[in-house]
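>>> Have a look at this prediction, sequence included:
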Amino acid sequence: MSTATTRTMDPTASSTHLFLAFELGEGHWKLGFSAGFATRVLKRQVPARDGEAVLDEIARAKEHLGLPPTIPVRSCYEAGRDGFWLHRFLVTHGVENLVIDSSSIEVNRRRRRAKTDRLDLEGLVDLLLRYWAGSHKKPFSVVRVPSVEEEDRRHLHRELQSAKRDRTRVTNRMKGLLANHGLTLDLQRKGVPERLCVLEQWDGSPLPTGLRARLEREWERVCFYTKLIRTLQSERREMLRSAADPVAEQVLQLVALRGIGVNSAWLFVMEFFGWREFRNRKEVGALAGLAPTPHQSGESNRELGMSKAGNRHVRSMVVEIAWAWLRFQPQSRLSQWYQERYGSGSKRMRKIGIVALARKLLIALWRFLETGVLPEGAELKAEIRNL
């Protein structure tokens, strides 16, 4: 007696597509073509960022492999510095393209693993064939490509974050240079250049000429970054006051909550809620990298902590906002849950608990934007200030 089985993957089936994998480099790109599992990988090389050369090679590959000119093409490349313009170019020319998360690609676990562009290209072609053949376990994760407008919205807050980091780096360097001579200087007060001129060392002698000149140049950089930060914040205020964009309305909706400021609300929406569609709370936690990582083998069963595989900007911000939530929303159900479970624990346990609270808070904010229902016990601000 024989039983019928269902196969989700048929590597012997004749291909109805041309498969293409890219290995992207700075000076040139390597292209790998295949018509199916039974064919060798046809390798070609084109100048980097030359879209017309790519289209010409696709036409030549169809002719070389004996495929009709109208056969559809399926391609893939790893997400990286080239971003998403290549994906948009390929889709515009009728190619069904996938952008792959590089960290999700299967690799050999040997201690010393051979790695060349040729091997990577052949491996990527094989993974692409397996993906479209219906492999039960997907060989890689596909990146969700944002639209041009969605991607463009990220620049303002990322530039603002970079400017703040750069200013902090310069001020810390100034403090270090002064500390090397036993001195301190309040850089938050006005008149820093004037106070540098009259600053004296431990023995009453003035600062060395080279050091003072360097500190003055460093202070010019601080002023430049301060002006840039104010300009970006002013631009953000204007966008929020107009509120013509539905995404800006989501920012204002989050800002109305106590404990949520403009910086965090803007980042949550532009990086996360404004362009992603979540089906359930598990997807929210996983995309932020706040999902658990189980490790089970035989009798051993333990947790390795959160995966950190998602958006690092959102993850770091929501952990910071979780501390603010405890302060400004003490009567909320989330804050009470944290205090009951971790409030009386050690410092280490409270830090572990704040990550759990951050995940719950992010899910609550998603539901608030989707349904308009406040997190249980949370309060709104009496008025919104300092946009």
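Nice, thanks for sending it over. Numbering: from 1, shown residues only.
>>> count of neighbours near the closest residue in space to Ser103 that isn't next to it in sequence?
In this structure, Ser103 finds its nearest non-sequential neighbour in Ala309, 7.2 Å apart by CB to CB, 6 or more residues apart in numbering. No exception for glycine: its C-beta is placed from N, CA and C like everyone else's. Ala309 has 18 neighbours, counted by other CB atoms under 10 Å.
>>> Give the helix, strand or coil label for Ala309.
Recorded secondary structure, Ala309: coil (DSSP: H, G, I helix; E, B strand; the rest coil).
>>> That one against Gly289, yeah?
Yes - at 5.0 Å, Ala309 and Gly289 qualify as touching, with contact defined as CB atoms under 8 Å.
>>> how near is the residue nearest to Ser103 to Val145?
18 Å (CB to CB, to the nearest Å).
>>> residue ranges with poor pLDDT in this protein?
For the chain, applying pLDDT under 70 flags the ranges 1-15, 111, 386-387.
>>> ok, Glu150 to Val269 distance?
Look at Glu150 and Val269: by CB to CB, they are 11 Å apart.
>>> Between these two, which has more neighbouring residues?
Higher neighbour count among Glu150 and Val269: Val269, with 24 against 14, using other CB under 10 Å.
>>> Could you pull up phi and psi at the more buried one?
With angles defined as degrees, to the nearest 10, Val269 sits at phi -80, psi -50.
>>> okay, which residue is most central for this structure?
Central residue of the chain (CA atoms, centre = their mean): Asn311, 3.8 Å from the mean position.
>>> Return the residues in contact with it.
Residues near Asn311 by CB atoms under 8 Å, 6 or more residues apart in numbering: 271-272, 287-289.
>>> Domain map for the protein?
Segmentation of the chain into domains, based on automatic domain parsing, reads 18-145, 151-242, 247-371.
>>> of all these, which lies closest to Glu379?
Across those, the minimum distance to Glu379, taken as CB to CB, is reached by domain 247-371, at 5.2 Å.
>>> Now do the closest one: distance to the chain's middle.
16 Å (CA atoms, centre = their mean, to the nearest Å).
>>> Can you lay out the domains of the chain as a markdown table showing distance to Leu380?
Shown next, in a markdown table, are the domains of the chain (distance: least, CB to CB, whole Å):
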| stretch | distance to Leu380 |
| --- | --- |
| domain 18-145 | 32 |
| domain 151-242 | 17 |
| domain 247-371 | 5 |
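>>> now do the same end-to-end measure for stretch 372-385.
End-to-end distance for stretch 372-385: 21 Å, by CA to CA, to the nearest Å.
>>> Please report the distance of the residue nearest to Leu183 when sequence neighbours are not counted from Pro68.
Nearest residue to Leu183 in three dimensions, chain neighbours excluded: Leu199, at 6.2 Å (CB to CB, 6+ apart). Distance of Leu199 to Pro68, given as CB to CB: 79 Å.
>>> which of these two has more neighbours?
For Leu199 versus Pro68, the count of surrounding residues by other CB under 10 Å is larger for Leu199: 17 against 8.
>>> Enumerate every residue touching that one.
Applying CB under 8 Å, 6+ apart, the residues near Leu199 are 178, 183, 185, 206-207, 212.
>>> What segments of the stretch 151-300 of the chain are helices?
154-179, 192-197, 209-242, 246-255, 262-268, 281-287 (DSSP state H, counting those that start in this stretch).
>>> do you know which of those lies nearest Ser102?
So among the helices of the stretch 151-300 of the chain, helix 281-287 is nearest, using CB to CB, at 16.8 Å.
>>> got the contact list for the closest one?
Contacts for helix 281-287 (CB under 8 Å, 6+ apart): 272, 276, 278, 291, 307, 309-311, 359, 362-363, 366.
>>> Grab the nearest non-local neighbour of Arg341.
Nearest to Arg341 is Gly353, by CB to CB, 6+ apart, at 6.3 Å.
>>> Which secondary structure state is assigned to that neighbour?
Applying three-state DSSP: Gly353 is helix.
>>> What's the local residue count around it?
Applying other CB under 10 Å, we find 18 residues neighbouring Gly353.
>>> residue contacts, it?
Applying CB under 8 Å, 6+ apart, we find Gly353 in contact with 338, 341-342, 345.
>>> and the strand or helix carrying Leu369, which residues are buried?
Element membership of Leu369, judged by DSSP states H and E, is helix 347-371. Under the neighbour-count criterion of 16 or more other CB atoms under 10 Å, helix 347-371 has 350, 353-354, 356-369 buried.
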